[in-house]
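> give me a model of this one.
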Amino acid sequence: LLAFLGLALPGTQGKVIPRCDLVKILRQHGFEGFVGKTVADWICLAKHESSYNTKAFHDNGASRDYGIFQINSQYWCEDGKTRGSKNACRISCSKLQDDNIEDDIQCAKRIAQEAKGLSPWYGWRDNCKGKNLSSYVKGC
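Purely as a prediction, here's the structure:
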């Protein structure tokens, strides 16, 4: 049952995934220790990027960020609006805004792997990097 928390059928409206549910999902997907970061780092990132909202969207002008990890259309997904999109994750940006975060997880891991960390995310750099993040996983 835990494997399906927060992973509802695609096509439904976005939702806010409860923090402890997201902690469980990320632990199940091997985020603990991935690229030298903790699940707390990833939870802090998701909190500051999207407030855990699967439908989150941010317009940057020339590009846009999508989903719970705010994945950018210039490099990682195709939204049909961003000129010269690289679409390195080979995914439609709209798929990053449904309740199924499996594809978001795969793309976020690819980004982190290429960057050797979480530095591509301003939300992490500005709010989480170098801080005690234990409160983000406390009680989960």
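> what about this protein, any weak spots by pLDDT?
Within the chain, the ranges that satisfy pLDDT under 70 run 1-14.
> which residue ranges of it form helices?
For the chain, the helices defined by DSSP state H occupy 19-28, 39-50, 102-115, 122-127.
> make JSON lines out of those helices and add distance to Ala56 and mean neighbour count.
From N, CA and C alone the C-beta is placed, and that goes for glycine too. Listed next are those as JSON lines, based on distance: least, CB to CB, whole Å; neighbours: other CB atoms under 10 Å:
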{"stretch": "helix 19-28", "distance to Ala56": "13", "mean neighbour count": "18"}
{"stretch": "helix 39-50", "distance to Ala56": "4", "mean neighbour count": "24"}
{"stretch": "helix 102-115", "distance to Ala56": "11", "mean neighbour count": "18"}
{"stretch": "helix 122-127", "distance to Ala56": "11", "mean neighbour count": "16"}
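> so for Tyr75, which of the ones you listed sits nearest?
helix 102-115 (8.0 Å; CB to CB).
> residues contacting Asp103?
89, 91, 95-96 (CB atoms under 8 Å, 6 or more residues apart in numbering).
> recalculate using a threshold of 7 Å.
Contacts of Asp103 were listed using CB atoms under 7 Å, 6 or more residues apart in numbering, and they are 91, 95-96.
> for Gly139, which of the helices of the chain is the nearest?
When the helices of the chain are compared (using CB to CB), the closest one is helix 19-28, at 6.8 Å.
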